[in-house]
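Trainee: Task: produce atomic coordinates for the following.
(chains A and B)
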Amino acid sequence: DTEVTQTPKHLVMGMTNKKSLKCEQHMGHRAMYWYKQKAKKPPELMFVYSYEKLSINESVPSRFSPECPNSSLLNLHLHALQPEDSALYLCASSQGSEAFFGQGTRLTVV
Amino acid sequence: SQQGEEDPQALSIQEGENATMNCSYKTSINNLQWYRQNSGRGLVHLILIRSNEREKHSGRLRVTLDTSKKSSSLLITASRAADTASYFCAVVNDYKLSFGAGTTVTVRA
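Mentor: Next comes the predicted model:
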């Protein structure tokens, strides 16, 4: 199984809502990533988890809160987002070389 | 910050022609990777070249790496309509995978 599964595929949320994005992989990868991608731009790294511990936070605002409950799961909790946070959110996992990406969650903040 | 920068930003070619895109980066790397993205969905890994390698082939793909110039190129030979996508280089330093600006390739039938 070389899949990274992200749910939901699409999400529309209001600025006062709390929602979560989920990511799952069963490849035993030790590193998991969250990226944000705006239209016609490259993915921007947000967070890196290594062995279930947060190892990199690219100065992401606190309204984004990552969580790694176990080695297969990665969540991104969203609270009080702004319309400019609307983007494609991509999860990826890696064992140190190539990264495997999920299909992303298309988030719209209204 | 983005460490890989690419050119051209966009490329339009006829089916059967070759497509070449370039990537430059700023810092030392463990390896450099190329990814493809269709229609703003997930990225697919194409090829990885390690810092001690100079050239690598995979099917219709050829990647070169020049660490002295901090640059890499991706060549797609005999392009097909299905190659229409955005292509990104990505540099790896420890666990940090950072993407370049990308090249959008359109292959005309």
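
Trainee: Can you check what pLDDT the model gives residue 52?
Mentor: Just going to use chain A. At A:E52 the predicted local distance difference test score is 95.

Trainee: Chain B was what I was after
Mentor: 95.

Trainee: same question, B:S1
Mentor: The predicted structure scores B:S1 at 43 on the pLDDT scale.

Trainee: Kindly report the same for B:T64.
Mentor: The predicted structure scores B:T64 at 98 on the pLDDT scale.

Trainee: Give me the contact list for the helix or strand in which it is found.
Mentor: Counting by DSSP states H and E, the secondary-structure element that holds B:T64 is strand B:61-66. When contacts are taken as C-beta atoms under 8 Å, 6 or more residues apart in numbering or on different chains, the neighbours of strand B:61-66 outside the stretch itself are B:32, B:34, B:46-47, B:49, B:51, B:53-57, B:71-77. (C-beta placed from N, C-alpha, C; glycine too.)

Trainee: And those, which of them are buried?
Mentor: Buried residues within those, defined by neighbour count using 16 or more other C-beta atoms under 10 Å in any protein chain shown: B:L32, B:W34, B:L46, B:I47, B:I49, B:S71, B:S72, B:S73, B:L74, B:I76.

Trainee: correct me, but B:A10 touches B:T104?
Mentor: Yes: B:A10 is within contact range of B:T104, at 4.6 Å (criterion: C-beta atoms under 8 Å).

Trainee: who's more crowded, the two?
Mentor: When neighbours are counted by other C-beta atoms under 10 Å in any protein chain shown, B:A10 and B:T104 differ, and B:T104 comes out ahead with 16 against 12.

Trainee: Wait, the more buried one touches B:S86, no?
Mentor: Yes: checked against C-beta under 8 Å, the pair B:T104 and B:S86 is within contact range at 5.0 Å.

Trainee: Spell out which residues of chain A are next to chain B.
Mentor: When proximity is defined as C-beta under 8 Å from any C-beta of the partner chain, chain A approaches chain B at A:4, A:31, A:33, A:37, A:39, A:41-45, A:48, A:50, A:55-56, A:88, A:90, A:92, A:94, A:96-104.

Trainee: what about chain B, any weak spots by pLDDT?
Mentor: Segments of chain B classed as low confidence (criterion: pLDDT under 70) are B:1-4.

Trainee: before we move on, the earlier item: for the strand holding B:T64, which positions count as buried?
Mentor: By neighbour count, and taking 16+ other C-beta under 10 Å as the criterion, the buried residues in strand B:61-66 are B:L61, B:R62, B:V63, B:L65.

Trainee: Run me through the strand neighbours of it, direction for each.
Mentor: For strand B:61-66, the paired strands and their directions (DSSP bridges) are strand B:55-58 (antiparallel), strand B:71-76 (antiparallel).

Trainee: what sits against the residue nearest the centre of chain A?
Mentor: In chain A, the residue lying closest to the centroid (C-alpha atoms, centre = their mean) is A:W34, at 3.5 Å. Taking C-beta under 8 Å, 6+ apart, we find A:W34 in contact with A:C23, A:L45, A:M46, A:F47, A:P66, A:L74, A:L76, A:Y89, A:L90, A:C91.

Trainee: Nothing else from me, thank you.
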